[in-house]
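Asker: Predicted model and sequence below, questions to follow.
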Amino acid sequence: MKNFKLKNNRACPAKLQRSGGFTLIETLTALLIFSTSIVVLITATSQGFSNTNYAKNKFIASYLAQEGVEIVRNARDSFGWDNTEINNAASSLFCQNPNCLVAGEPSAFSRSVSLLPDNITNSTEVKITSTVTWDQGITQKHVEYVEYLYNWQ
């Protein structure tokens, strides 16, 4: 038979002396663990949003750079190996933000298209470099698309 003490006119076990509440150290430790986990979740979420935004901008910039080369190729196909028309096509593609348009709207991108050699009349090959830049946070990012065209006509 167990020993019972009479406490406040009630019978309770002799070894039951501690109350069931939390101490201050336990509470502070729980708050520290909880706040650390919240900070980690917020940081991971913001990094995910930043990576998604970078991927979107790089995707758009890639298409703008490829479009620059395609327009110069179209000028070559339409007008032949005429130096004036190809240079006009390349110079018309140069734009600085917000003059560059994406889906008809001003954008944060800028594009430049260069031809090497500059005078292609006597050449059989031209190197087209289409570069698109944009600001991503505090850094400037760029995408470069290079293609060679040949005088095949």
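Answerer: Yep, that arrived. Numbering: from 1, shown residues only.
Asker: Contacts only, for residue 131.
Answerer: By CB atoms under 8 Å, 6 or more residues apart in numbering, the residues touching residue 131 are 65, 111-114, 142-145. (Glycine included, C-beta is placed from N, CA and C.)
Asker: I'd like the residues you listed as TSV, with distance to residue 34, neighbour count and secondary structure appended.
Answerer: Shown next, in TSV, are the contacts of residue 131 (distance: CB to CB, whole Å; neighbours: other CB atoms under 10 Å; DSSP: H, G, I helix; E, B strand; the rest coil):
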residue	distance to residue 34	neighbour count	secondary structure
65	47	24	helix
111	49	23	strand
112	51	18	strand
113	54	23	strand
114	56	15	strand
142	43	14	strand
143	43	21	strand
144	47	13	strand
145	49	20	strand
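Asker: from those residues, which is closest to residue 92?
Answerer: Within the contacts of residue 131, the smallest distance to residue 92 is 8.8 Å, found for residue 113 (CB to CB).
Asker: Leaving out sequence neighbours, find the closest residue to the residue nearest to the spatial centre of the chain.
Answerer: When CA atoms, centre = their mean is applied to the chain, the residue found nearest the centroid is residue 54 (0.6 Å). Closest residue to residue 54 apart from its sequence neighbours, by CB to CB, 6 or more residues apart in numbering: residue 136 at 5.8 Å.
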